[in-house]
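Trainee: My questions concern the predicted model and sequence given below.
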Amino acid sequence: MRGDLPLPGSTRARLLEAALRQFSSQPYQTVEVNALAAEAGVTIGALYHHFQSKQGIYSVVRDEITLRLLDRMEAAADAAPPGQHLRAAVLAAYDGAFRVKAGHLLLDPDPRRTPDALTTALADAARRASLTEPELTAQLLTAALKAALTAARAHPDAQASARLALQRLIP
């Protein structure tokens with residue numbers, strides 16, 4: 001989506017907006033192509049014309065959300081004081097997930113079975129922080145991040161307390 005921003009109100013833009021709402025509010029498997037097209041006010045043929053498949057439109061939306069979060073994580077880590085880069089990156093991902101309304105796009109496994117980009121970014125941050133076992137650290141932090149997001153989504157009034165609990169986990 002980054003290199004190919006659709007014109008506002010165009011068929012492609014309406015499809016992407018509907019896909020963001022649908023894929024963030026429910027798991028990939030439960031999103032139906034006909035419901036997605038109907039929400040966008042287009043035909044199923046138009047969806048297939050622009051994206052070839054359900055996975056095609058999902059990929060565009062998930063990759064865009066992931067890039068937005070990675071940008072936030074990188075900026076927060078760069079601006080953090082020494083020794084706080086990893087914490088800043090995780091908290092930026094947490095805050096950003098709500099800002100961009102990532103929902104299931106971030107919480108569910110990618111049906112393309114690609115490596116989790118957030119885990120990869122956190123592993124890089126852990127290596128920069130000279131932590132031992134950076135990959136394991138990243139996997140654990142990603143799991144904690146997703147658990148905090150899940151708890152906050154289940155109980156919207158718990159968003160601040162889930163963030164605080166996440167913050168306390170990170171050295």
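Mentor: Thanks, I have it.
Trainee: shaky segments in this structure?
Mentor: The chain contains residues with pLDDT under 70 at 1-9.
Trainee: Which segments of it make up each domain?
Mentor: 11-58, 61-169 (automatic domain parsing).
Trainee: And the longest one, end to end?
Mentor: Looking at domain 61-169, the gap from its leading to its trailing residue is 30 Å under the measure CA to CA, to the nearest Å.
Trainee: chain center to that domain: distance?
Mentor: 9 Å (CA atoms, centre = their mean, to the nearest Å).
Trainee: give me the element the most centrally placed residue in the chain is part of.
Mentor: By CA atoms, centre = their mean, the chain has its centre lying nearest to residue 106, at 3.7 Å. Using DSSP states H and E, residue 106 sits within helix 104-107.
Trainee: how about the helices in this structure?
Mentor: 11-25, 33-40, 44-51, 54-79, 85-99, 104-107, 117-128, 134-154, 159-169 (DSSP state H).
Trainee: So for the last one, what gets flagged as buried?
Mentor: When you say that, I think you mean helix 159-169. For helix 159-169, burial by neighbour count (16 or more other CB atoms under 10 Å) applies to 159, 162-163, 166. C-beta here means a position set from N, CA and C on the backbone, and glycine is covered the same way.
Trainee: Kindly report the same for the third one.
Mentor: Burial within helix 44-51, assessed by neighbour count using 16+ other CB under 10 Å, is assigned to 46-47, 50-51.
Trainee: would a markdown table of those with distance to residue 67 be doable?
Mentor: Below are these laid out as a markdown table (distance: CB to CB, whole Å):
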| residue | distance to residue 67 |
| --- | --- |
| 46 | 25 |
| 47 | 22 |
| 50 | 19 |
| 51 | 18 |
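Trainee: What is the nearest of those to residue 25?
Mentor: Minimum distance to residue 25 across the buried residues of helix 44-51 is 17.8 Å, recorded for residue 47 (CB to CB).
Trainee: how about that closest one, what does it touch?
Mentor: 15, 33, 36-37, 40, 57 (CB atoms under 8 Å, 6 or more residues apart in numbering).
Trainee: do residue 128 as well
Mentor: residue 85.
Trainee: Please report how far it lies from residue 81.
Mentor: Going from residue 128 to residue 81 by CB to CB, to the nearest Å gives 14 Å.
Trainee: Can you mark which positions in stretch 141-150 are buried?
Mentor: 141-142, 144-146, 148-149.
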